[in-house]
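S.K.: Sequence first, predicted coordinates after that:
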Amino acid sequence: VENVRMLDRYSNNHTVGTLYLTATHFIFTDPPGKKQIW
């Protein structure tokens, strides 16, 4: 899913990226590829 906004509730920052859904994981990546969250 493209153009997903991830919100950081501690620092009020947000990042727009892509959310990949698998059978067992959610994987979020930002466009420059600096951050990948499982």
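M.R.: Perfect, I can see it now.

S.K.: Strands of this protein, start to end?
M.R.: 4-7, 14-21, 26-29, 36-37 (DSSP state E).

S.K.: Just give me the residue closest to the centre of the chain.
M.R.: In the chain, the C-alpha nearest the mean C-alpha coordinate belongs to residue 28, at 3.1 Å (C-alpha atoms, centre = their mean).

S.K.: Tell me how many other residues surround the closest residue to it other than its chain neighbours.
M.R.: Closest residue to residue 28 apart from its sequence neighbours, by C-beta to C-beta, 6 or more residues apart in numbering: residue 37 at 4.6 Å. In short, each C-beta sits where N, CA and C put it, glycine included. By other C-beta atoms under 10 Å, 12 other residues sit near residue 37.

S.K.: Could you do residue 17 as well?
M.R.: By the criterion of other C-beta under 10 Å, residue 17 has 22 neighbours.

S.K.: Same check on residue 11?
M.R.: 7.

S.K.: rewinding a little: quick check: the residue nearest to the centre of the chain touching residue 34?
M.R.: No. With contact defined as C-beta atoms under 8 Å, residue 28 does not reach residue 34; the gap is 12.0 Å.
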